[in-house]
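Novice: The following comprises the amino acid sequence and a computationally predicted model.
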Amino acid sequence: MSDTAPVHVMANFTVHDAAKYRLYEKGFFPILKRHGGTFITLDDNSETFEGSAPPEGRVVLFKFPSAEAATAWYNDPDYQTLSEHRRAGTELNFLTMLHPLPAR
């Protein structure tokens, strides 16, 4: 697997303090873009076709040009400071980096 292959990041969380979460949302996109990230979608009512449904809440999907860029975004001190608003306003179920399948 190439270190320069694009990766996706998926988050699932429940918002319990909308005001705190809005503070997070306001600062999220500039930091995401700083690391080459692209917002793909969010869904507050995802539908599961088979298997166990993920925990209820918002599902967010975004993309980075590489795992290195995604890791740099997550470890960015500005993001970590901003994420305190997310931590205060939501219950996070998961924040996961999805690696591409290896070439066959």
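Specialist: Yes, it's here.
Novice: Need the contact partners of the lengthiest helix in the chain.
Specialist: In the chain, with assignment by DSSP state H, the single longest helix is helix 18-34. For helix 18-34, contacts defined as Cβ atoms under 8 Å, 6 or more residues apart in numbering pick out 15, 38-39, 62, 73, 76, 78-79, 82-83, 85-86, 88-90. The C-beta positions use only the backbone N, C-alpha and C, and glycine is treated the same way.
Novice: Okay, helices next: where are they in this structure?
Specialist: 18-34, 67-75, 77-89.
Novice: Go through those and name the closest to residue 6.
Specialist: Residue 6 lies closest to helix 67-75 among the helices of the chain, at 9.0 Å (Cβ to Cβ).
Novice: biggest separation within the contacts of helix 18-34, which pair?
Specialist: 38 and 88 (26.2 Å).
Novice: Low-confidence regions, this structure specifically.
Specialist: 1-3 (pLDDT under 70).
Novice: And the helices of the chain: which comes nearest residue 103?
Specialist: helix 67-75 (15.4 Å).
Novice: so how far is that closest one from its chain's centroid?
Specialist: Centroid separation for helix 67-75 versus its chain: 11 Å, with Cα atoms, centre = their mean, to the nearest Å.
Novice: Next, the angle from it to helix 77-89.
Specialist: Angle of helix 67-75 versus helix 77-89, following axes from the mean of the first three to the mean of the last three Cα atoms, to 10 degrees, is 60 degrees.
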